[in-house]
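# Please work out how this folds:
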Amino acid sequence: MPVYEYGCEECGEGFELFVRSPSRQTDPVCPKCGSRRVKKAVSLFGVGREAGSRTSGASCSPGST
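Model (predicted):
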């Protein structure tokens, strides 16, 4: 179940939309102004580091030294 990011062309509001079924998706509406003039935004996602690589600094995983 993906979450899509959109930007409104009318008011500039950015928002996310949770989509339960992409095949039954309706046109998104801006929650701030109600406009249907929205564009899907390019979103960044977290990328894990390669296996065996080390970074400087503290780790947030339990039991790490």
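# Next, the buried residues of the strand or helix carrying Leu17.
Following DSSP states H and E, one finds Leu17 within strand 14-18. Neighbour counts over strand 14-18 (16 or more other C-beta atoms under 10 Å) mark Phe15, Leu17 as buried. Yep, even glycine has a C-beta here, placed from its N, CA and C like the rest.
# any idea of the pLDDT on the residue nearest to Ser35 when sequence neighbours are not counted?
In this structure, Ser35 finds its nearest non-sequential neighbour in Glu10, 3.9 Å apart by C-beta to C-beta, 6 or more residues apart in numbering. As predicted, Glu10 sits at a pLDDT of 97.
# just checking, Glu10 is part of a helix?
No. Under DSSP: H, G, I helix; E, B strand; the rest coil, Glu10 sits outside any helix and is assigned coil.
# so what does the strand holding Leu17 touch, helix or strand wise?
strand 3-8 (3 or more C-beta pairs under 8 Å, 6 or more residues apart in numbering; DSSP states H and E).
# Low-confidence regions, this structure specifically.
1, 43-65 (pLDDT under 70).
# rerun at 90
Within the chain, the stretches with pLDDT under 90 are 1-4, 17-27, 41-65.
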